[in-house]
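Asker: Sequence plus the predicted model coming up.
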2 protein chains.
Amino acid sequence: MTYTVQIKVMPHKELLDPQGKAVMGGLENLGLTGVEDVRVGKHITLQINADSPEKAKEMAEEASRKLLSNSVMEYFEVSVN
Amino acid sequence: MTYTVQIKVMPHKELLDPQGKAVMGGLENLGLTGVEDVRVGKHITLQINADSPEKAKEMAEEASRKLLSNSVMEYFEVSVN
């Protein structure tokens, strides 16, 4: 069966996020006040053919570790739906 | 109160996603077979100071429309948690 797996890859909370800071400046220039912090990361959607949702999640975690995220700077979260 | 708002910005389903295709090639080279499709987009987390979750969501949708997404090529989904 084919499962849709969502992967969120974000910069570690303790690291500066220059792209997020730039977006925050842009929002202020647009008059959108009230935004206190912005973090920008990646969102990856995989269609995985696997025997069970657990197998699909395992494959997505392996892909995240090996290719999609850099563990020095980023963390990832995987969810199957 | 401060609300955490998650925004997912993805390429429209009917458009080609060259970055996704490149990731799929990379996964195959790593021996991860079973992945049938890959789409790569952005994930943005906002901390928004607002009176209610509804107001926070409205602000995030305005930010997505005006700055964070390009409606010609991308769609976005906003969720408050």
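Answerer: Yep, that arrived.

Asker: how about the longest strand seen in chain A: buried residues?
Answerer: In chain A, taking DSSP state E as the definition, the longest strand is strand A:35-49. Across strand A:35-49, burial judged by 16 or more other CB atoms under 10 Å in any protein chain shown covers A:35, A:38, A:39, A:40, A:41, A:42, A:43, A:44, A:45, A:46, A:47, A:48. In short, each C-beta sits where N, CA and C put it, glycine included.

Asker: next one: stretch A:7-27
Answerer: Neighbour counts using 16+ other CB under 10 Å place A:7, A:8, A:9, A:10, A:11, A:17, A:20, A:23, A:24, A:27 of stretch A:7-27 among the buried residues.

Asker: what's that stretch in contact with?
Answerer: The contact list for stretch A:7-27, computed with CB atoms under 8 Å, 6 or more residues apart in numbering or on different chains, reads A:35, A:37-46, A:60, A:63-64, A:68-69, A:73-78, B:43-45, B:63, B:67-68.

Asker: Recalculate using a threshold of 7 Å.
Answerer: A:35, A:38-44, A:46, A:60, A:64, A:68-69, A:73-78, B:43, B:45, B:63, B:67 (CB atoms under 7 Å, 6 or more residues apart in numbering or on different chains).

Asker: returning to what we had before: dump the helix or strand following the longest strand of chain A to CSV, keeping only the CA atoms.
Answerer: Note on strand A:35-49: by DSSP states H and E, the next helix or strand toward the C-terminus is helix A:53-63. Provided in CSV are the C-alpha atoms of helix A:53-63 (Å, rounded to 0.1, in the frame of the first residue of the first chain):
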residue,chain,number,x,y,z
PRO,A,53,2.5,2.5,8.2
GLU,A,54,5.3,1.6,10.7
LYS,A,55,7.6,0.4,7.8
ALA,A,56,6.8,3.6,5.9
LYS,A,57,7.7,5.7,8.9
GLU,A,58,11.0,3.7,9.4
MET,A,59,11.9,4.3,5.7
ALA,A,60,11.1,8.0,6.0
GLU,A,61,13.3,8.3,9.2
GLU,A,62,16.2,6.6,7.4
ALA,A,63,15.8,9.0,4.4
